[in-house]
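Enquirer: what follows is a predicted protein model with its sequence.
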Amino acid sequence: MPPRITPLTDPEPTPSSRRLAWLAAGTEGAPVGSAFLRLFTKEGQEHLAELQIAVHPAERRQGVGSALLDAAVVAARGDGRRSLVAQAETGSPGDLFLAARGFRRVLALTYARLPMADVDLARITALVDQPHPGYKLTHWEGVVPTELAQTFADSRRAMDDMPMEGTDYGTVAWDVERVVSAAETVVKRGELLHTVAVVDRSDGTIAGFSELVVPGDGRGDGQHYGTGVLPEHRGHGLGLWMKAESIRLARRTYPGLGGLLTDTADSNTPMRSINDALGYLPTHRAVEHQLDL
């Protein structure tokens, strides 16, 4: 018998998206799988939906994943979405499942981790202390300070040309409301958001930023969210400078932190070089898949 697919309601919409959910149950009513469909709502991404499917290993190859996918595709089409994206670890059952059902592999990613115990603090500090004429570092925790809010929002366009290969990701439109809301969302989850930024001394504007999210208890692994430098300020080593400062601050502030996680598109050669220089070690690879609706 095919699984019973029950639509669920996600009670936690965010300022930039809302989610639909489905639960798959077997003949005895036991849950065997689930699917979540994120519908982006902000300007520049109204065409996009993001899918996550999970099926219990013992229930695979029995039509559970296909039934969940069918429900999600119908919902995405009904909401006028143009593209559906999903990510899976390279070579995993999810990777093979998506490829077999019409998704295209559009972006290769490498995940990496920096073990904090292996950090050469003297070397990292030396990188931070290197002069960068015309620029200075600043940092804050949580929501951006009011006096920097507008220039920080403006600096988010540094991510607009991030290598995405064939992904129909769109261009995210950022304003002060959105950067504040994004930070508040992290805080509400009980996590700690730390941002390092480079300021152009000539006019006080932000030339680049690097974000790190740390578990609320300061233990486990932190997660890098985004590092970007505005095109007109590239070529001065600012990305390496900011990420080194982020590592230094994390090491000093959270002695119980185990490591720092990052993921980078394989085609993003500059950021991969930065990660290699700072000692990040690859852990696994993943593939972004896309279904054109």
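Expert: Cool, the structure landed.
Enquirer: can you count the residues close to the residue nearest to Phe103 when sequence neighbours are not counted?
Expert: Beyond its immediate neighbours in the sequence, the residue positioned closest to Phe103 (C-beta to C-beta, 6 or more residues apart in numbering) is His289, lying 3.7 Å away. From N, CA and C alone the C-beta is placed, and that goes for glycine too. His289 has 24 neighbours, counted by other C-beta atoms under 10 Å.
Enquirer: what pLDDT is listed against His289?
Expert: Model confidence at His289, given as pLDDT, is 96.
Enquirer: state the helix or strand in which it lies.
Expert: Using DSSP states H and E, the element containing His289 is strand 281-292.
Enquirer: so which bits of that strand are buried?
Expert: Of all the residues in strand 281-292, those buried under the rule 16 or more other C-beta atoms under 10 Å are 286-291.
Enquirer: which SSE is immediately downstream of the helix or strand of the chain with the lowest mean pLDDT?
Expert: Counting by mean pLDDT, DSSP states H and E, the chain has its least confident helix or strand at strand 4-9, which shows a mean of 88. The helix or strand immediately downstream of strand 4-9 is strand 17-25, counting by DSSP H and E.
Enquirer: helices of the chain, start to end?
Expert: Along the chain, counting by DSSP state H, helices occupy 64-78, 93-100, 121-129, 149-155, 176-188, 238-253, 269-278.
Enquirer: redo these as a markdown table? Include mean neighbour count and mean pLDDT.
Expert: Converted to a markdown table, those look like this (neighbours: other C-beta atoms under 10 Å; pLDDT from 0 to 100):
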| stretch | mean neighbour count | mean pLDDT |
| --- | --- | --- |
| helix 64-78 | 19 | 96 |
| helix 93-100 | 17 | 96 |
| helix 121-129 | 14 | 97 |
| helix 149-155 | 19 | 97 |
| helix 176-188 | 16 | 92 |
| helix 238-253 | 21 | 97 |
| helix 269-278 | 17 | 95 |
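Enquirer: now Met159. Nearest residue, chain neighbours left out?
Expert: Spatial nearest neighbour of Met159, chain neighbours left out: Gly228 (4.6 Å); criterion: C-beta to C-beta, 6+ apart.
Enquirer: neighbours around that neighbour, how many?
Expert: 23.
Enquirer: can you tell me how far it is from Pro13?
Expert: Distance, Gly228 to Pro13, by C-beta to C-beta, to the nearest Å: 26 Å.
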